[in-house]
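no FASTA, just this:
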C-alpha cells in the first residue's frame, strides 16, 4: 500500500500544482513498476486526454482495459474509469473511420467501387467488418490462402457434377418418397462420449442421408442413388481410411438455423450441390453471405466461422461433400493422409 500511496500522492500533488511533467513522471514510474496497475494507467490516460493527445490517451485506455480483463478482480472504484475508457475508444474509432473515409472520398476512393480486396481492407480498417480467419478446431495446415469462398469456374470437374444435378435431384425425391426413410439427425452423440453442446442434437431439423460415411459408400446407397455416387467420383475427394470420402444429402427444415461454428480442418473445402432450395435460405462464411442456386455448386472453407439458415416455407436440401484444397499439392496430400490415419489409429487404440 505504501508504494501505491507514494505514486498516487506524487501524481495528485503535481496535478494540484499544475506540473504536468511531474504528474506524468509519477504515473510513468508506477506503470513501469506494475503493468497491471489499472488505476495508474487510467490516470495516465486521463492526463493525455487533458493534453488533447487522443492517440496516447487511447493507447493507455486500451492498456487499462486489457489489464482489467486479465485481473482476478477489479475494485468497484475503478469501474467508472473503465467505462469512460470504453466510451472514449468507441468515439475515437468512429471519428477515425469518418476521417479516413472522408479523406478517401475527397481523393476519389470509394469502398463501393473499389476492387473487392481493397473494399474489404477499407471495411476492416474502418471497423465496419470483423476480421475472420481460418480457425479449424482440430487441425491447422499453415500457409493456405485465407479465402472463405472459392468460385465454381476455378475447378475443371465442376461442370460435369453440375450436369448431373437433375438426375441427382430425382434420386433424392425418390429417396424422400420411398418407404425406407434414410434421413436422420445430422448432429448425434456417441454412446461413449459427452454429447455435443448443440441445440440441434438428435433433432430432425438438420437431417442427413449419408451417401459416403467413414470412408465407405453408405449401405444400399450405390443402388438407390447411382447418379449421385457417380458424380461424387468426379470430384477430388480425400481418401482416408475410416474418415473420407464423406458425402450426404443435407436437409434443413423450415425455421432451422445452424449457429455460427468452425469446421475441423482447413485442408479441405466443403461443396454444396443445391438440389431443393426455397426462398429465404442462406449461408454466411466469414463476412460474406450467399444464397444457394439450384444446380450451381457453392464451395467454401468451413474452417472460417460459418452459419446457415432456412427461413423459407419448405425443406432445403443440398448434396454436401468435401474436396482437397487445390493449393495443397499431391505430396502434401499424401503426407496429410498419413497424419490423419495416424490420428485415427490412436483414437482406436
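Yep, that arrived. Predicted model, so just to flag it, every value in this text is computed and none were measured.

please count neighbours and contacts with C-alpha atoms only from this point.
Noted.

domains for this structure, by residue range?
For the chain, automatic domain parsing gives the domain ranges 2-102, 149-348.

among those, which is nearest residue 142?
Among these, the nearest to residue 142 by CA to CA is domain 149-348 (8.9 Å).

in this structure residue 268 contacts residue 324, no?
Yes. Here residue 268 reaches residue 324: they are 4.6 Å apart, a contact under CA atoms under 8 Å.

select from the domains of the chain the stretch with the lowest mean pLDDT.
Ranked by mean pLDDT, these bottom out at domain 2-102, with a mean of 84.

what about residue 227, which helix or strand?
helix 226-232 (DSSP states H and E).

tell me the helices and strands packed up against that helix.
The elements that helix 226-232 packs onto, with contact taken as 3 or more CA pairs under 8 Å, 6 or more residues apart in numbering; DSSP states H and E, are helix 158-163, helix 165-177.

check contacts around the residue most central in space within the chain.
Nearest to the mean C-alpha position of the chain, counting by CA atoms, centre = their mean, stands residue 305 at 2.0 Å. Neighbouring residues of residue 305 by CA atoms under 8 Å, 6 or more residues apart in numbering: 132-135, 260-263, 285-286.

same check, this time on residue 276
Neighbours of residue 276 in contact, by CA under 8 Å, 6+ apart: 169, 294, 315-318.

let's go with 10 Å and repeat that
By CA atoms under 10 Å, 6 or more residues apart in numbering, residue 276 lies in contact with 169, 172-173, 251, 292-295, 314-319.

if any of those residues are buried, put those into a PyMOL selection.
Listed next is the PyMOL selection for buried residues among the contacts of residue 276, using 16 or more other CA atoms under 10 Å:
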select buried, resi 169+172+251+292+294+295+314+315+316+317+318+319
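
including distance to residue 62 and secondary structure, could the contacts of residue 276 go into JSON lines?
Converted to JSON lines, these look like this (distance: CA to CA, whole Å; DSSP: H, G, I helix; E, B strand; the rest coil):
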{"residue": "169", "distance to residue 62": "54", "secondary structure": "helix"}
{"residue": "172", "distance to residue 62": "55", "secondary structure": "helix"}
{"residue": "173", "distance to residue 62": "57", "secondary structure": "helix"}
{"residue": "251", "distance to residue 62": "45", "secondary structure": "strand"}
{"residue": "292", "distance to residue 62": "42", "secondary structure": "coil"}
{"residue": "293", "distance to residue 62": "45", "secondary structure": "strand"}
{"residue": "294", "distance to residue 62": "48", "secondary structure": "coil"}
{"residue": "295", "distance to residue 62": "49", "secondary structure": "coil"}
{"residue": "314", "distance to residue 62": "48", "secondary structure": "coil"}
{"residue": "315", "distance to residue 62": "47", "secondary structure": "coil"}
{"residue": "316", "distance to residue 62": "45", "secondary structure": "strand"}
{"residue": "317", "distance to residue 62": "46", "secondary structure": "strand"}
{"residue": "318", "distance to residue 62": "45", "secondary structure": "strand"}
{"residue": "319", "distance to residue 62": "47", "secondary structure": "strand"}
